[in-house]
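Here you go, sequence then predicted model.
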Amino acid sequence: MSEELNGTTQVEHEYGGSEIQVLEGLEAVRKRPGMYIGSTSESGLHHLVYEIVDNSIDEALAGYCDEITVRIEPGDIITVIDNGRGIPVDIQPQTGLPALEVVFTILHAGGKFGGGGYKVSGGLHGVGASVVNALSEWLTVRVHKEGKIYEMRFSRGKVTQPMQVVGDTDRHGTEVSFKPDRSMFEVTEYNYDTLHTRMREEAFLNAGLRIHTIDARPGREQEDTMHYAGGIREFVSYINRSKDPIHSDVVYMSGSKDDSMAEVAFQYNDGYNETIVSFANNVHTPEGGMHEEGFKRALTTVLNNYGKKMKILKDEDKVSGEDCREGIACVISVKLTEAQFEGQTKAKLGNASIRTLVSNLVTEKLTEYLEENPAVGKAILDKALMANRAREAARKARESIRRKTALGGAAMPDKLRDCNEVNPELTELYIVEGDSAGGSATQGRDSRFQAILPLWGKMLNVEKARADKVYGNDKLTPVITALGAGIGDDFDLDKLRYHKIIIMADADVDGSHIRTLLLTFFFRFMRPLIEHGYVYAAVPPLYKLTRGKTTRVAFDDVEREQIAAELRGDNPNAKVDISRYKGLGEMNPHELWETTMDPEKRTLKRIELDDAVAADQTFTVLMGEKVEPRKEFIERNAKYAVNLDY
Ligand code: TTJ
């Protein structure tokens with residue numbers, strides 16, 4: 001790591017015209033791309049776009065740009081256009097090169113992912129244009145400025161066409177097109193929803209900025225325009241779009257101290273979960289950090305003080321932090337000069353001064369707001385008090401479960417077909433939809449390390465239930481007991497009985513329903529399971545192909561055609577029988593083992609936190625009472641696989 005850092009620092013100090021140093025810098029990027037863009041997987045591929053867009057966002061923050069377009073073109077080429085001042089084109093005295101060339105060829109020091117927790121940057125963003133250039137098969141930039149269009153072209157970071165004037169213009173702005181280098185990435189296909197979701201975030205975080213996203217690939221044409229005059233207030237309304245708010249205003253506050261500023265917006269809905277989305281310098285911080293801590297601390301203090309003062313809380317009554325956040329939808333955005341990103345994924349803000357800033361801001365402004373809006377204050381405190389009582393009831397219910405299991409050892413559910421192995425690192429629990437599939441799985445499994453738990457009937461609607469109902473639910477209790485690690489605040493990963501929890505459900509609507517329900521349940525009540533990557537979805541085949549005595553299975557349409565061709569071999573008239581599996585229950589135990597359960601042959605899809613968040617949202621939309629979002633969701637879903645983030 002230090003080698004790369006030294007390499008880039010050298011370039012920074014010695015680039016006085018030396019082409020060799022420049023190329024060495026970009027070569028370092030091509031040698032260790034992960035150091036500069038996080039990874040070379042799908043996420044790194046999308047990161048290229050964010051690095052380019054960040055430059056336009058900077059121009060918007062400076063007040064010179066109010067429109068950005070991001071387009072995916074055929075061949076997975078990306079074009080980003082802004083209406084800013086345009087990258088400077090004059091010759092830089094230090095280098096003797098056009099500033100434009102410097103932007104795309106000189107590697108700036110550090111790099112976000114190599115800089116040991118610090119995001120190294122002159123402004124807030126925009127160190128990455130040369131990194132994108134180095135990792136692109138080709139890149140073209142056009143600058144519209146002072147009546148002229150300047151153009152320059154590169155290939156894998158090297159200049160292929162020096163800067164030249166290619167025409168006249170009456171606009172101003174910068175336009176960059178690039179094609180990621182296939183040899184640098186594991187995948188090169190862009191996901192429109194991923195880009196759209198991230199750009200929507202940028203539009204929320206930069207009030208007034210208009211962002212267009214366009215998919216121009218044949219057969220997938222679509223576009224969106226995002227423009228939010230209300231900024232993070234509208235972000236909060238968006239998070240609550242399919243919920244019922246308990247007060248009509250979105251509460252908003254902002255303040256600054258020294259070089260830092262903070263903005264907070266929130267609104268409570270009548271649900272039970274907490275959604276806090278935080279950003280530092282417009283970078284999402286899913287692991288939270290000092291800004292979130294400052295908010296939580298102040299919220300709890302202010303609500304307790306207000307409750308006492310208004311006599312909603314009596315005598316010794318106190319509401320906890322969690323009570324105060326039940327049903328909250330909140331967005332926190334802070335800007336600071338030396339943001340310190342910590343934690344496993346560098347997704348947690350470490351600057352302690354921000355905790356004080358946010359906490360002071362919320363203490364002062366929220367106290368004032370509640371004084372002026374007593375109806376909102378009462379609604380929020382009533383809700384926190386309800387949460388407090390429900391938590392108390394849940395604790396009692398949990399304790400009674402704990403007492404029962406402590407007395408009789410851990411009494412396992414009747415339906416569980418356990419395995420022989422006891423080391424959780426080696427065991428797997430298949431949660432199977434339906435008794436018949438459960439039967440096949442039980443017969444087909446390797447009982448040394450595979451346990452089966454069938455689920456059947458109607459599952460609890462977690463969205464509409466408080467925690468105390470969940471603990472006593474007859475469909476969920478077997479899952480809780482079989483896993484053995486408790487639930488909610490008591491959840492203890494060390495007690496978990498299986499390190500692979502595999503949801504095996506049909507590839508139809510009911511199957512997807514049960515998968516969504518279980519993921520939502522894990523997400524809300526056993527989140528560490530998902531965070532540690534212990535939850536999987538089994539991937540059963542869709543088709544069975546038979547020719548004579550040979551039987552093969554296919555997992556999608558493309559594979560079906562491939563295998564059909566293979567089975568026909570040189571005999572184009574051969575009859576290959578193709579049938580579609582209607583469900584797991586149709587497979588005999590041997591087939592189920594061969595295709596879906598045998599660790600040597602099966603495919604498992606690991607559930608990421610994002611999948612669970614999406615499931616949670618899907619659930620809210622599908623099960624909630626609001627008709628419009630549901631209709632919209634189903635219409636969208638009919639055409640595309642959606643990636644709902646919040
Ligand atoms: C810098 O200060 C002088 C005036 O121009 C400022 C500037 O560079 N603005 C700017 C850069 N606007 N847009 C960009 C930009 C846009 C894209 C799409 C890509 C890159 C690398 C920069």
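Here it is on my side, so go on.

Would you mind listing what in this structure touches the ligand?
Counting by CB under 6 Å from any ligand atom, the chain comes close to the ligand at 52, 55-56, 59, 80, 82, 84-85, 87-88, 103, 129, 174, 176. Backbone N, C-alpha and C define where each C-beta goes, glycine included.

Are any of those buried, and if so which?
52, 55-56, 59, 80, 82, 84-85, 87, 103, 129, 174, 176 (16 or more other CB atoms under 10 Å).

follow-up on the earlier one: mark which of the residues of the chain next to the ligand are part of strands, please.
Val80, Asp82, Thr174, Val176 (DSSP state E).

rewinding a little: format the residues of the chain next to the ligand as JSON lines; extra columns: pLDDT and distance to Ala437.
JSON lines is the format used below for the residues of the chain next to the ligand (pLDDT from 0 to 100; distance: CB to CB, whole Å):
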{"residue": "Ile52", "pLDDT": "96", "distance to Ala437": "48"}
{"residue": "Asn55", "pLDDT": "94", "distance to Ala437": "52"}
{"residue": "Ser56", "pLDDT": "96", "distance to Ala437": "51"}
{"residue": "Glu59", "pLDDT": "94", "distance to Ala437": "56"}
{"residue": "Val80", "pLDDT": "98", "distance to Ala437": "48"}
{"residue": "Asp82", "pLDDT": "98", "distance to Ala437": "53"}
{"residue": "Gly84", "pLDDT": "98", "distance to Ala437": "57"}
{"residue": "Arg85", "pLDDT": "97", "distance to Ala437": "62"}
{"residue": "Ile87", "pLDDT": "96", "distance to Ala437": "59"}
{"residue": "Pro88", "pLDDT": "96", "distance to Ala437": "65"}
{"residue": "Val103", "pLDDT": "94", "distance to Ala437": "58"}
{"residue": "Ala129", "pLDDT": "95", "distance to Ala437": "53"}
{"residue": "Thr174", "pLDDT": "98", "distance to Ala437": "56"}
{"residue": "Val176", "pLDDT": "98", "distance to Ala437": "51"}
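
Mind picking the two most distant members of the residues you listed?
The span of the residues of the chain next to the ligand, defined through CB to CB, is set by Val80 and Pro88 at 17.8 Å.

And the residue of the stretch 251-400 of the chain that's closest to the ligand?
For the stretch 251-400 of the chain, the residue closest to the ligand is Asn282, as judged by CB to the nearest ligand atom, at 15.6 Å.

excluding its backbone neighbours, what's nearest that residue?
What sits nearest to Asn282 in space, not counting adjacent residues and going by CB to CB, 6 or more residues apart in numbering, is Leu205, at 5.0 Å.

Isn't that neighbour up against Gly231?
Yes. Leu205 is within contact range of Gly231, at 7.1 Å (criterion: CB atoms under 8 Å).

From the chain's centroid, how far away is stretch 261-271?
Put simply, stretch 261-271 sits 20 Å off its chain's centre (CA atoms, centre = their mean, to the nearest Å).

Export only the CA atoms of that stretch, formatted as PDB.
Only the C-alpha atoms of stretch 261-271 are listed here, as PDB (Å, rounded to 0.1, in the frame of the first residue of the first chain):
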ATOM      1  CA  MET A 261     -22.100  22.500   8.400                       C
ATOM      2  CA  ALA A 262     -24.900  20.100   9.300                       C
ATOM      3  CA  GLU A 263     -28.500  19.600   8.000                       C
ATOM      4  CA  VAL A 264     -31.000  17.400   9.600                       C
ATOM      5  CA  ALA A 265     -34.600  16.600   8.400                       C
ATOM      6  CA  PHE A 266     -37.000  14.100   9.900                       C
ATOM      7  CA  GLN A 267     -40.700  13.000  10.100                       C
ATOM      8  CA  TYR A 268     -42.300  10.200  12.100                       C
ATOM      9  CA  ASN A 269     -44.500   7.600  10.500                       C
ATOM     10  CA  ASP A 270     -47.000   5.300  12.300                       C
ATOM     11  CA  GLY A 271     -44.700   2.300  11.700                       C
END
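
What residues of that stretch count as buried?
Those would be Met261, Ala262, Glu263, Val264, Ala265, Phe266, Gln267, Tyr268, Asn269, Gly271, for stretch 261-271 by 16+ other CB under 10 Å.

cool, stretch 142-150 as well?
Buried residues in stretch 142-150 (16+ other CB under 10 Å): Arg142, Val143, His144, Lys145, Ile149, Tyr150.

quick one: average confidence on that stretch?
For stretch 142-150, mean pLDDT is 98.

Over to stretch 570-586?
Mean predicted lDDT for stretch 570-586 stands at 88.

ditto for stretch 345-352
90.

Distance across that stretch, terminal residue to terminal residue?
Here the two ends of stretch 345-352 are set 19 Å apart, with distance taken as CA to CA, to the nearest Å.

ditto for stretch 277-288
Using CA to CA, one end of stretch 277-288 lies 8 Å from the other.

quick one: contacts for Gln555?
Wrong residue type there; residue 555 is Phe, not Gln. Counting by CB atoms under 8 Å, 6 or more residues apart in numbering, Phe555 makes contact with Val539, Pro541, Leu542, Thr603.

now the strands for the stretch 301-450 of the chain?
Remark: strands assigned in the stretch 301-450 of the chain by DSSP state E, counting those that start in this stretch are 328-335, 341-342, 348-349, 428-433, 450-455.

So which of those strands is nearest Leu45?
Comparing these by CB to CB, strand 341-342 comes nearest, at 21.1 Å.

Lowest-scoring secondary structure element of this structure by mean pLDDT?
One helix or strand of the chain scores below all others by mean pLDDT, DSSP states H and E: helix 2-14, with a mean of 37.

For the longest helix along the chain, name the packing helices and strands.
Counting residues, the longest helix found in the chain (DSSP state H) is helix 374-407. Where contact means 3 or more CB pairs under 8 Å, 6 or more residues apart in numbering; DSSP states H and E, helix 374-407 is packed against strand 260-268, helix 290-309, helix 321-325, helix 352-372, helix 467-471.

possible to save these as a markdown table with distance to Leu483?
Shown next, in a markdown table, are these (distance: least, CB to CB, whole Å):
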| stretch | distance to Leu483 |
| --- | --- |
| strand 260-268 | 32 |
| helix 290-309 | 29 |
| helix 321-325 | 22 |
| helix 352-372 | 35 |
| helix 467-471 | 14 |
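
Mean neighbour count, those: which tops it?
strand 260-268 (a mean of 23; mean count of other CB atoms under 10 Å).

what is the orientation angle of that one with helix 290-309?
Put simply, strand 260-268 runs at 50 degrees to helix 290-309, going by axes from the mean of the first three to the mean of the last three CA atoms, to 10 degrees.

which residues are contacting strand 260-268?
Against strand 260-268 from outside (CB under 8 Å, 6+ apart): 231-233, 235-237, 240, 245-247, 249-256, 291, 295, 327-337, 353-354, 357-358, 361-362, 379-380, 383.

partners of the helix or strand that that strand is followed by, with directions?
Using DSSP states H and E, the helix or strand that follows strand 260-268 in sequence is strand 275-280. Within its sheet, strand 275-280 is paired with strand 283-284 (antiparallel), strand 328-335 (parallel), according to DSSP bridges.

Most tightly packed of those?
Taking mean count of other CB under 10 Å, strand 328-335 is the most buried of the strands paired with strand 275-280, at a mean of 25.

Can you pull out the residues in contact with it?
124, 204-205, 232, 235-236, 239-240, 243, 260-269, 274-282, 291-292, 295, 349, 354, 357-358.

And stretch 361-372, by the same measure?
Under CB under 8 Å, 6+ apart, the answer for stretch 361-372 is 251, 253-255, 262, 264, 294-295, 298-299, 301-302, 305-306, 376-377, 380.
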